[in-house]
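Student: based on what follows, work out the 3D shape:
(2 chains)
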Amino acid sequence: MTDSFVSLRSLRKNYGQVRVLDDVSLDIARNQFVSLLGHSGCGKTTTLRIVLGFLQADCGSVLIDGRDMTDVSPRHRGIGMVFQSYALWPHMTIYENVAFGLRVRKVAEPEVAARVGDVVARLHLGGLEQRLPRELSGGQQQRVALARALVIDPPLLLLDEPLSNLDRQLREDMRLELKHLQKRIAQTTIYVTHDQDEALSLSDRVVVMNRGRIEQQGTPQEIYYEPRTEFVARFIGKATFLDVAIEAVDPGGRARLRARDGTPIVVERLRQAAGHAPGDRALLAVRPEEAVLVPATEPGALRARVVEHLFLGSVYRYQLALADGSDVFIDSRGPIDGGADAGLRFAGGCLVPKAPA
Amino acid sequence: MSAAATTARLPRIAPQWLLLAPAGLLLGGLFGFPLAWLAQFSLTPPGTQPALLGPVTLDNYARFLGDAFYLERILWTTIRVSLLSCAIAVAIGYPLAFWVAQTRSQKLKAALIAAIVCPLWLNTVIRAFGVMLLLFDNGPVVALAEGVGLPPLQLLYNETGVVIGLAYLAIPFFVIAMIGVIEQIDARQVEAAYSLGASGPYMFRRVILPATLPGVLNGFVLIFCISIASFAIPQLLGGGKVPMLGMLIYRTANVSGNVAFASAMSFILLAATILSLSVVTIALKRAAARR
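Tutor: You can find the predicted model right below:
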């Protein structure tokens, strides 16, 4: 990529014998919002700390705006950082916390006041300037941490699980607020999270990491609907996984597959069939909203048995079992009528290679 | 209704006060009562054997506070030597505590803490003799100073010796008190300062120092109380020529047998301790607020 603003080139990092980063390369365009998504220990925080400069990669390099950062100390990288724990200075007022980066830069006090006032207003912290961090709620502290990073107009903003210490309701509010903010300030941002909802809803691009490697990167839609590996398909959202053999895929995307016990399975629109030839075995991944319940008597329907259902608020999630015992998950607007027997159709789905056992 | 009425009639002893009772009894019995007894001693006529229901007088206090010798020579020396030795202990102990607290290897850290604490296993008198061996006229420290071309040093049997001895005594206490404080500093707060462009010294002044200052104050109170009341160190390292109040109290009570005057001096020492610590605390807090 020629227009990439941040470039990670083949980053590797070992802690003793443990490989935490294995050949991580990533290009981030200017003003893009990119999420690093993965379980704890997947290497996302290590990547972040290498970009920040608090950790040296064993090999590989980080380029920001075309400049190699390897020998640039953290204080000269100019990166705005928001820590998971906020890391506000407890003995300083909110104003002093936010003003810190400007005072370090020896900005004249009147301008400090103007810029702090500006960012404080943008983040709805007005009136709290003279309070101490401990006098603020978690959500407010989170916004102070963001204000402190944004006030220096950093070319790159890093957010490390910024919402994970908030309770659910607040987290969703803050997510919306971050989205609004991101639109207004159009800031190159790397967002580290283990929460797929945050990653999918906020990002221009999602980078799924697993065991120190990048599993897949793409738009949130690509990641959700066209996972390329079993890990991504399992990690993002809920899905039904069926071990299938491919019989035929017609150009419209309609696919005829066969389950392990030979039962024919039809998927009306298979996304991302490329790379799979008839005769191959693969995993069929079907999102709960792509599976449709039909009367058990409908021709061509898969026969299934209702095992359990969960009321999730907006939908009912049904767990069904196929004849061969595999589980299928379905989201349904209302409760399913009738007995334990049901029919099943797959409106969509995708194939991922089977992970080596 | 009847249940509520029954509840209302129960005796109202707040259970939290009951929980405080064991600690209260211990403190009252082992600290409050002897202190009150000592206060009573200090009010009996000087030179007499203290009696519980004897005459009451302020003569002992008047003798001390009315005499420039006691005020300037004894009290001021005591405060000055204590402040100086504690300042030195802080100056050495603060970076030492940092070094230990930031040691990555847990084994090395445990070894360092053990090395700092192990002098405390020894009796003060024995440690004082150890320091004397170092500071002797022909001892290694003096020889070293002469070796680098300094004029001959007199490190023993004067105020210098007492200050060195008290500082030496105080450092382990201060370091141990500070290690916990430094370990509690959130590393992310330090990183946040760096990521915003702060230099090392700027970060230290604005983040570390304010975060550790309450700990420094607590540590200072601890070692100051130990120093100001010490009697073995001024006796041994000062050769009896540096008159500190603790030493004088010991001599007055145990050599001269004037328990009443010794008791009064004990209370004056207590007052001097509280007063000095208040001044230091206020001064440090003012300095911190001004930055």
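Student: C-alpha coordinates for stretch B:220-239, CSV please?
Tutor: Output of stretch B:220-239 as CSV, limited to C-alpha atoms (Å, rounded to 0.1, in the frame of the first residue of the first chain):
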residue,chain,number,x,y,z
PHE,B,220,10.0,10.3,57.7
VAL,B,221,7.7,10.3,60.7
LEU,B,222,8.7,6.7,61.4
ILE,B,223,12.4,7.3,61.4
PHE,B,224,12.2,10.7,63.0
CYS,B,225,10.5,9.1,66.0
ILE,B,226,13.2,6.5,66.2
SER,B,227,16.0,9.0,65.9
ILE,B,228,14.8,11.7,68.3
ALA,B,229,14.2,9.2,71.1
SER,B,230,17.5,7.2,70.6
PHE,B,231,19.9,7.1,73.5
ALA,B,232,22.3,4.3,72.7
ILE,B,233,23.7,5.9,69.5
PRO,B,234,24.5,9.4,70.9
GLN,B,235,26.0,7.6,74.0
LEU,B,236,28.3,5.4,71.9
LEU,B,237,29.0,7.3,68.7
GLY,B,238,28.9,10.7,70.4
GLY,B,239,31.0,9.4,73.2
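Student: what are the buried residues along it?
Tutor: Neighbour counts using 16 or more other CB atoms under 10 Å in any protein chain shown place B:220-238 of stretch B:220-239 among the buried residues. C-beta: built from backbone N, CA, C; applies to glycine.
Student: so the closest residue to residue B:45 other than its chain neighbours, which of the three states?
Tutor: Nearest residue to residue B:45, sequence neighbours excluded (CB to CB, 6 or more residues apart in numbering or on different chains): residue B:57, at 5.3 Å. Three-state assignment for residue B:57 (DSSP: H, G, I helix; E, B strand; the rest coil): coil.
Student: contact partners for residue B:57?
Tutor: For residue B:57, the contacting residues are B:43-45, by CB atoms under 8 Å, 6 or more residues apart in numbering or on different chains.
Student: tell me which of the buried residues of stretch B:220-239 fall in helices.
Tutor: Using DSSP state H, B:220-228, B:232-237 are the members of the buried residues of stretch B:220-239 that sit in helices.
Student: quick check: which element contains residue A:216?
Tutor: If you go by DSSP states H and E, residue A:216 is part of strand A:213-218.
Student: just checking, what packs against that strand?
Tutor: Based on contacts counted as 3 or more CB pairs under 8 Å, 6 or more residues apart in numbering or on different chains; DSSP states H and E, the elements that strand A:213-218 packs against are strand A:18-29, strand A:205-210, helix A:230-235.
Student: looking at the ones you listed, spot the one closest to residue A:328.
Tutor: With respect to residue A:328, and counting by CB to CB, the nearest of the helices and strands packed on strand A:213-218 is helix A:230-235 at 14.7 Å.
Student: ok so, going back, and the contacts of residue B:57, which are buried?
Tutor: Judged by 16+ other CB under 10 Å, buried ones among the contacts of residue B:57: B:43-44.
Student: residue B:89 is in contact with residue B:174, isn't it?
Tutor: Yes: counting by CB atoms under 8 Å, residue B:89 does reach residue B:174; the two are 5.2 Å apart.
Student: so what sits against both of the two?
Tutor: Residues touching both residue B:89 and residue B:174 (CB under 8 Å, 6+ apart): residue B:223.
Student: out of the ones in helices among the buried residues of stretch B:220-239, who's nearest chain A?
Tutor: When those are compared for distance to chain A (CB to the nearest CB), residue B:220 wins out at 18.4 Å.
Student: distance of that closest one relative to residue A:3?
Tutor: From residue B:220 over to residue A:3 the distance is 58 Å, taken as CB to CB, to the nearest Å.
Student: for residue B:54, same thing?
Tutor: When distance is defined by CB to CB, residue B:54 is 96 Å away from residue A:3.
Student: of these two, which one has the most company?
Tutor: residue B:54 (14 against 8; other CB atoms under 10 Å in any protein chain shown).
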